[in-house]
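> Give the three-dimensional model of this entry:
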Amino acid sequence: MTRTIWLVLCGILIAAASGLTYVSLSGNRSEAEPVLQNIQLRPRTTEASTSPIQQCVNLGGALEADNEGDWGYVIRERDLHMIRELGFDTVRIPVKWSAHAKSRAPYEIDQLFFRRVDTVAAQALAAGLQVIIDVHHYEDVNENPDRHLPRLYAFWEQIAERYASWPDGLYFEVLNEPHTNLTFRRIDQMNRDILSIIRQTNPDRWVILGGGQWGNLEGLVPTNPPYDPRAMVTFHYYSPFEFTHQGAPWAYEPMPLGRTWGSQAEREEVISHFAAAAEYGQRIGMPVFLGEFGVYEEVPDADRANWTRHIRRTAEQFGIGWCYWDWATSLGMYSLENEQLRPGMGAALLGD
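Numbers count the residues shown, from 1 in each chain. Reported below is the predicted structural model:
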């Protein structure tokens with residue numbers, strides 16, 4: 001091991017432990033991947049389970065809207081078969097349960113909506129895919145957890161009970177991108193509470209636990225998730241945001257077009273981040289899952305594919321399963337207009 005890599009690893013371990021900063025690899029190299037192959041992470045303190053998810057795509061823009069179709073996409077059974085034939089093993093289904101449940105206890109979820117989720121999940125499983133169901137876009141629980149955490153817990157009591165007898169290939173994700181008033185302390189308690197609720201009816205089902213700060217890596221590392229041999233932790237990766245979200249009208253501030261990506265320093269920064277994520281997973285003894293990463297459609301196709309390929313390959317070389325955002329909306333890999341993969345995206349996600 002070279003002195004440079006040893007110094008890098010020291011920095012990574014410090015970053016992972018503190019959750020404050022990350023370091024970038026240094027040195028003059030033409031490619032980032034050979035450096036990655038030379039990195040040896042420290043031995044695990046706890047034996048980690050192996051993630052069942054390797055290659056996944058999000059079915060975004062459908063059931064995460066107030067009403068499926070409001071954002072231009074309705075999940076089609078044909079898409080599920082196409083996704084499986086391409087080589088994906090899992091789909092993640094973002095679901096906005098909060099738009100389809102009563103606002104007063106016992107916070108009953110609408111049965112018609114439940115049946116729609118049933119249908120999509122069953123079709124995906126029948127197509128040979130694993131399925132992740134999450135709680136998505138529950139903004140009120142982030143802003144006012146005192147009032148809305150009991151409602152979130154009630155959602156999970158209903159979801160867990162409904163799917164208790166379903167195949168093992170159905171997975172649960174507690175809450176998408178906690179933020180604002182869901183502090184690290186509250187997230188740790190929430191993860192413990194909801195995992196306990198799920199385990200009452202689903203003792204062996206895989207459960208995905210997230211961190212704070214909109215689900216990014218800096219928001220995951222400071223958390224202390226409950227250890228469970230059938231649980232994993234997740235983070236999302238859209239860095240640099242000024243590149244991945246340029247032109248997106250819903251970004252937190254305007255991101256002008258024209259930003260490029262792909263310098264040696266930028267590639268090495270990705271490697272340092274994923275090294276920190278892998279070390280964190282080893283430290284807690286649970287798999288790490290990259291639940292979202294993607295680039296807005298206004299970015300030129302070649303640039304989108306270049307960034308996507310590097311993120312995907314880096315995740316794989318660190319043993320991190322991934323889930324691209326998304327299938328067919330504004331960051332999608334598939335064009336509904338042309339009914340074909342967008343240029344370069346198939347190779348970026350599923351090529352060598």
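> from here on, contacts and neighbour counts on C-alpha atoms
Will do.
> List phi and psi for Met82.
The phi and psi values for Met82, taken as degrees, to the nearest 10, are phi -60, psi -40.
> Next, count neighbours for it.
Close neighbours of Met82, defined as other CA atoms under 10 Å, add up to 12.
> Now do the helix or strand containing Gly281: which elements does it pack against?
If you go by DSSP states H and E, Gly281 is part of helix 264-284. On a contact count with 3 or more CA pairs under 8 Å, 6 or more residues apart in numbering; DSSP states H and E, helix 264-284 meets helix 3-18, strand 288-292, helix 301-317.
> Need the nearest residue in space to Ile194, chain neighbours excluded.
The spatial neighbour of Ile194 that comes closest, neighbours along the chain excluded (CA to CA, 6 or more residues apart in numbering), is Tyr153 at 6.4 Å.
> doesn't that neighbour fall inside a helix?
Yes: counting by DSSP: H, G, I helix; E, B strand; the rest coil, Tyr153 is found in a helix.
> Does it touch Leu195 like I think?
No: the pair Tyr153 / Leu195 is not scored as a contact, 10.0 Å apart, by CA atoms under 8 Å.
> Check the helices and strands packed on helix 264-284 for me: which has the lowest mean pLDDT.
When the helices and strands packed on helix 264-284 are compared by mean pLDDT, helix 3-18 comes last with a mean of 35.
> quick check, distance from the helix holding Gly281 to the centre of its chain.
Using CA atoms, centre = their mean, to the nearest Å, the mean C-alpha position of helix 264-284 is found 16 Å from that of the whole chain.
> List the buried residues of it.
264-284 (16 or more other CA atoms under 10 Å).
> coming back round to it: between Tyr153 and Leu195, which has more neighbouring residues?
A direct count of neighbours by other CA under 10 Å for Tyr153 and Leu195 places Leu195 higher, at 24 against 18.
> I'd say that one and Val207 touch.
Yes: the criterion here is CA under 8 Å, and Leu195 meets it with Val207 at 7.4 Å.
> Tell me how far the residue nearest to the spatial centre of the chain lies from Glu173.
Nearest to the mean C-alpha position of the chain, by CA atoms, centre = their mean, lies Gly291 at 1.2 Å. Distance of Gly291 to Glu173, computed by CA to CA, to the nearest Å: 10 Å.
> With Ser335 instead?
Separation of Ser335 from Glu173 (CA to CA): 27 Å.
> Looking at those two, which is more packed in?
Glu173 (24 against 15).
> Tell me how far that one lies from Ile159.
Distance from Glu173 to Ile159, counting by CA to CA: 11 Å.
> which residues in this structure form helices?
Here the chain has its helices, by DSSP state H, at 3-18, 33-38, 77-86, 111-126, 139-143, 145-162, 184-201, 217-220, 241-244, 264-284, 301-317, 345-350.
> Of those helices, which shows the lowest average pLDDT?
helix 33-38 (a mean of 30).
> From His245, how far off is the residue lying closest to Gly87 once chain neighbours are set aside?
Nearest residue to Gly87, sequence neighbours excluded (CA to CA, 6+ apart): Leu350, at 7.3 Å. Distance, Leu350 to His245, using CA to CA: 23 Å.
> So between these two, which is more surrounded?
Neighbour comparison, Leu350 and His245: the larger count goes to His245, with 27 against 14 (by other CA under 10 Å).
> list the contacts for the more buried one?
His245 is in contact with 251, 255, 295-296, counting by CA atoms under 8 Å, 6 or more residues apart in numbering.
> Quick check: which of the residues you listed has the minimum pLDDT.
Lowest pLDDT among the contacts of His245: Ala251, 79.
> could you measure the residue lying closest to it once chain neighbours are set aside against Pro178, distance?
If the residues on either side of it in the chain are set aside, Ala251 comes closest to His245, at 6.8 Å by CA to CA, 6+ apart. Going from His245 to Pro178 by CA to CA gives 20 Å.
> Counting neighbours, what do you get for Ala121?
Ala121 is flanked by 24 other residues according to other CA under 10 Å.
> Quick one: residues contacting it.
131, 170.
> hmm, try it at 7 Å
Under the criterion of CA atoms under 7 Å, 6 or more residues apart in numbering, the contact list for Ala121 reads Val131.
> contacting residues around the residue lying closest to Gly128 once chain neighbours are set aside?
Leaving aside its chain neighbours, Gly128 sits nearest to Arg84 (6.7 Å; criterion: CA to CA, 6+ apart). Listed by CA under 7 Å, 6+ apart, the contact set of Arg84 reads 127-129.
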